[in-house]
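>>> Build me a model:
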Amino acid sequence: MSAHAEQIPMTARASGPLRGVAEVPGDKSISHRALILGAMAVGTTRVTGLLEGQDVLDTAKAMRAFGATVTRTGPGEWSVQGVGVGGFSEPADVIDCGNSGTGVRLIMGAMATSPITATFTGDASLRKRPMGRVTVPLALFGTRAVGRAGGRLPMTIVGAADPVPVRYTVPVPSAQVKSAVLLAGLNAPGETVVIEREATRDHTERMLAGFGAQVRVEETPEGRVITLTGQPELRPQTVAVPRDPSSAAFPVCAALIVPGSDILVPGVSRNPTRDGLYVTLLEMGADITFENPREEGGEPVADLRVRYSAALKGVETPPHRAASMIDEFPVLSVVAACATGTTVMRGVKELRVKESDRIDAMARGLEACGVRIEEDEDTLIVHGMGPGNVPGGATCAVHLDHRIAMSFLVLGLAARAPVSVDDGAPIATSFPVFEPLMQALGAALERTSG
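Below you'll find the predicted structure:
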């Protein structure tokens, strides 16, 4: 059983051409940050295009628990009456972040330098994920954390009463860790400095500057150095959330491997720290064009025109690109299975500590569908079978992971035999309209009896 619903077994089978417009939801990363920064501003922040998936709704509930007034005013439209930096009140109950690693880690950072205590938990998947990567740097501010063995949830965070600014080098590429430290630095005096050797998604830096914080970003020999001046008064903003490139990946990849497909995905973020999948797909020979490039909500966006691509070929993704496409490797492995030649994905060890061990989950499911796989701790290799040649016919375990579920359903649209997943319920955490959106494009996708 998944965290928020009964199990929903689903099956996808070979489809006719996918056609039409795929209006994917708002970006999940930006949605989380809009709610959190809105809660830390003084005044009312208005958000349009907010992703109303369960992960983001759990963050909205958490912000209410810390004293902000968070109100839904219409579809995708929300207002946040903030309490100011350092203004969080102590929650009366446990903060349940559901399935969201981003939500829990960013919220821990946001409250870590206030003199309050909060206890966090989540669903079975989130309770397995390591929190030490965040609590270790937060301890440098003076924060204390007590959790289960291995730094797992449930976990109680005791905020620093007299926080000090920190200088921290992120040991592995992680936008969540970087963001948690920067959010903690908001209520610390002086300058907090985060150094990342490999650039990760930069929404936090962009949005902090938009809300009025002093943020300086420099490229240096030791890496990308982000310097934040603490204790600002954040100004409320109107945030227009662009469409999520990680969600767009599913209809895009489906159109590439289903013969005759031609779809338009409008208003997708082209943030260069999120663009690795699309760079890789173009290298594979994908027929994708970027139309009407523009800026919305401080982010570069474009409309994606995607057509079936019979000549997809295997490629090697370099380790330095992994951070810009970390959530898209599962669906890339599906495209790789339908391509000609071998695709080698390097630098992907972070996938082993996501909602599930995504390398293992994809490897086992693809093998069950007749695809030859090789893997080690940091690499996934998919031996492509060429268009229309993946046997399929398996039921794949998703391990409470929304991206694993959607990836195998995409595979089913192009495989010879139907592909099923044991539970499609987790899809609601990030892409609640996935099922009707794909069906409207012509995908043969349905719920099945257990």
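>>> Would you mark the buried spots in stretch 316-332?
317, 321-332 (16 or more other Cβ atoms under 10 Å). The way it works is simple: take the backbone N, C-alpha and C, and place the C-beta from them, glycine included.
>>> where's the most far-flung residue of the chain relative to its centre relative to residue 143, distance?
Each residue of the chain has a distance to the centre, and by Cα atoms, centre = their mean the biggest one is for residue 162: 32.5 Å. For residue 162, the distance to residue 143 equals 11 Å [Cβ to Cβ, to the nearest Å].
>>> list the residues that contact both of these two?
Residues touching both residue 162 and residue 143 (Cβ atoms under 8 Å, 6 or more residues apart in numbering): there are none.
>>> need the helices for the stretch 301-450 of the chain, in chain order.
Ranges of helices within the stretch 301-450 of the chain are 329-338, 358-368, 402-412, 434-441, based on DSSP state H, counting those that start in this stretch.
>>> State the separation between the third one and the centre of the chain it belongs to.
In terms of Cα atoms, centre = their mean, to the nearest Å, the centre of helix 402-412 is found 15 Å from the chain centre.
>>> Same question for the last one.
Relative to the centre of its chain, helix 434-441 is centred 20 Å away, using Cα atoms, centre = their mean.
>>> how far off helix 402-412 does it point, in degrees?
Using axes from the mean of the first three to the mean of the last three Cα atoms, to 10 degrees, the inter-axis angle of helix 434-441 relative to helix 402-412 is 20 degrees.
>>> can you pull the buried residues of helix 434-441?
434-435, 437-438, 441.
>>> again, but for stretch 122-142
Quick answer for stretch 122-142 (16+ other Cβ under 10 Å): 122-123, 125-129, 131, 133-135, 137-138, 140-142.
>>> Show me which of those residues is closest to residue 340.
residue 125 (34.7 Å; Cβ to Cβ).
>>> Can you tell me the strand partners of whatever helix or strand residue 225 lives in and which way each runs?
Using DSSP states H and E, residue 225 falls within strand 223-229. Next to strand 223-229 in the sheet, as set by DSSP bridges, lie strand 191-196 (antiparallel), strand 215-220 (antiparallel).
>>> continuing past the first one, what's the next helix or strand?
Following the chain from strand 191-196 toward its C-terminal end, the next helix or strand by DSSP H and E is helix 203-210.
>>> thinking again about what came up before, okay, the helices of the stretch 301-450 of the chain in TSV with mean pLDDT next?
Putting the helices of the stretch 301-450 of the chain into TSV (pLDDT from 0 to 100) gives the following:
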stretch	mean pLDDT
helix 329-338	98
helix 358-368	96
helix 402-412	97
helix 434-441	98
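>>> got the contact list for residue 82?
By Cβ under 8 Å, 6+ apart, the neighbours of residue 82 are 38-45, 68, 234, 236.
>>> Please report which of those residues has the highest neighbour count.
residue 40 (30 neighbours; other Cβ atoms under 10 Å).
>>> Surely it touches residue 110?
Yes. Between residue 40 and residue 110 there is a contact under Cβ atoms under 8 Å: 6.4 Å.
>>> so which of the helices of the stretch 301-450 of the chain gets nearest residue 83?
Residue 83 sits nearest to helix 402-412 of all the helices of the stretch 301-450 of the chain, at 31.1 Å, using Cβ to Cβ.
>>> right, and residue 288 touches residue 302 too?
No. The pair residue 288 / residue 302 is not scored as a contact, 10.2 Å apart, by Cβ under 8 Å.
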